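Q: Predicted model and sequence below, questions to follow.
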Amino acid sequence: MLFIIISFVLLFLIWASADIRSGIYLRCICRGNRMEKAVALTFDDGPDPVHTPRILDTLKENNIKAAFFLIGSKIETYPELVKRIYDEGHIIGNHTYSHSGSYTLWSSDRIYEDIRKTNDVIYKIIGKYPIFFRPPFGVTNPLIRRAVKNRFDCIGWSIRSYDTLKFLKRDSISERIVRNIKNGDIVLLHDNREGSGLLLKSVIEGIEKKGIKIVPLDRLINKNAYEI
Ligand SMILES: [Zn+2]
């Protein structure tokens, strides 16, 4: 009996930390209004010198504004891409400086420092401090909560594309997104993967065919993307 209880508690703790929608440790905004026929697209892990420009070209062709959760160390390497993202009307969010696999084990001060450093490099390029923060791997815990609380809006997602899984074919990824998409959804995509530009084209086409509008993230969730 004790074994069952311990297993249940452990599973609960893993779920609470690993599923950004759980809201147990840190309440993240994972969708907008279900009554409005609109969704938002978000891209993680850029900027990428090959794939981000392709994504930007596709967004421009379709007159769509998205949100990019950028990694600080890559921002420093490709500042001109960050400027392009911003100049073309997209939202820039904070996805930590290091995107370290071990950041969940760090102290809250170290986590905060990593996030703050990213905001500083973004400010140097666009002159604004982002408020939207997306935790790497969608993992939250009490230390991340302490680092982020009252300073940032944690942004999650309601549709995970699984575009990082190499064994999934592009067509099945976009079909799944389009089949599942509902009013108010926030879609998680990545702009550092092979074929991400082509995937985006079919995702946009499918969503628009369903009569759902793709709107900027700040509009979907009715929040400011930057400090005023
Ligand atoms: Zn990431």
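A: Nice, I can see it.
Q: Just give the strands next to the longest strand along the chain in its sheet, each with its orientation.
A: Counting by DSSP state E, the longest strand found in the chain is strand 38-46. Under the criterion DSSP bridges, strand 38-46 sits next to strand 67-70 (parallel), strand 186-190 (parallel), strand 213-214 (parallel) in its sheet.
Q: for the longest helix seen in the chain, the distance to its chain's centre please.
A: The helix spanning the most residues in the chain, taking DSSP state H as the definition, is helix 108-126. On the basis of Cα atoms, centre = their mean, to the nearest Å, helix 108-126 is displaced by 16 Å from the centre of the chain it belongs to.
Q: now stretch 142-155
A: With Cα atoms, centre = their mean as the basis, the distance from the averaged C-alpha position of stretch 142-155 to the chain average is 15 Å.
Q: thinking again about what came up before, does the ion sit close to the longest strand of the chain?
A: Yes: against the ion, strand 38-46 shows contacts by Cβ under 5 Å from the ion at Asp44, Asp45. (Each C-beta comes from the backbone N, C-alpha and C, glycine too.)
Q: At the contact with the ion, which residues of this protein appear?
A: Within the chain, the positions near the ion by Cβ under 5 Å from the ion are Asp44, Asp45, Pro136.
Q: Now the longest helix of the chain: buried residues?
A: 108, 111-112, 114-119, 121-122, 125-126 (16 or more other Cβ atoms under 10 Å).
Q: Which one of the residues you listed is nearest to the ion?
A: For the buried residues of helix 108-126, the residue nearest the ion by Cβ to the ion is Thr118; the value is 12.2 Å.
Q: so that closest one makes contact with Ile92?
A: No: look at Thr118 against Ile92 with Cβ atoms under 8 Å: they stay out of range, at 10.1 Å.
Q: what about Glu113, distance to Lys74?
A: Plainly put, Glu113 is 18 Å away from Lys74 if you go by Cβ to Cβ, to the nearest Å.
Q: CA atoms only for stretch 94-111, dumped as CSV, please.
A: Taking Å, rounded to 0.1, in the frame of the first residue of the first chain, the C-alpha atoms of stretch 94-111 are listed here in CSV:
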residue,chain,number,x,y,z
ASN,A,94,12.8,35.4,-23.1
HIS,A,95,13.8,31.7,-23.1
THR,A,96,16.8,32.0,-20.7
TYR,A,97,20.5,32.8,-21.6
SER,A,98,21.9,29.3,-21.4
HIS,A,99,18.9,27.0,-22.0
SER,A,100,20.8,24.6,-19.7
GLY,A,101,19.5,21.1,-19.2
SER,A,102,20.4,21.4,-15.5
TYR,A,103,18.8,24.8,-14.8
THR,A,104,16.0,23.1,-12.8
LEU,A,105,18.7,22.3,-10.2
TRP,A,106,20.0,25.8,-10.0
SER,A,107,19.2,28.3,-7.1
SER,A,108,16.5,30.8,-7.8
ASP,A,109,19.1,33.6,-7.8
ARG,A,110,21.1,31.8,-10.5
ILE,A,111,17.9,31.2,-12.6
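Q: So which residues make contact with that stretch?
A: The contact list for stretch 94-111 (Cβ atoms under 8 Å, 6 or more residues apart in numbering) reads 17, 44-45, 69-73, 114-115, 117-119, 121-122, 130, 132-137, 139, 141, 143-144, 146-148, 152.
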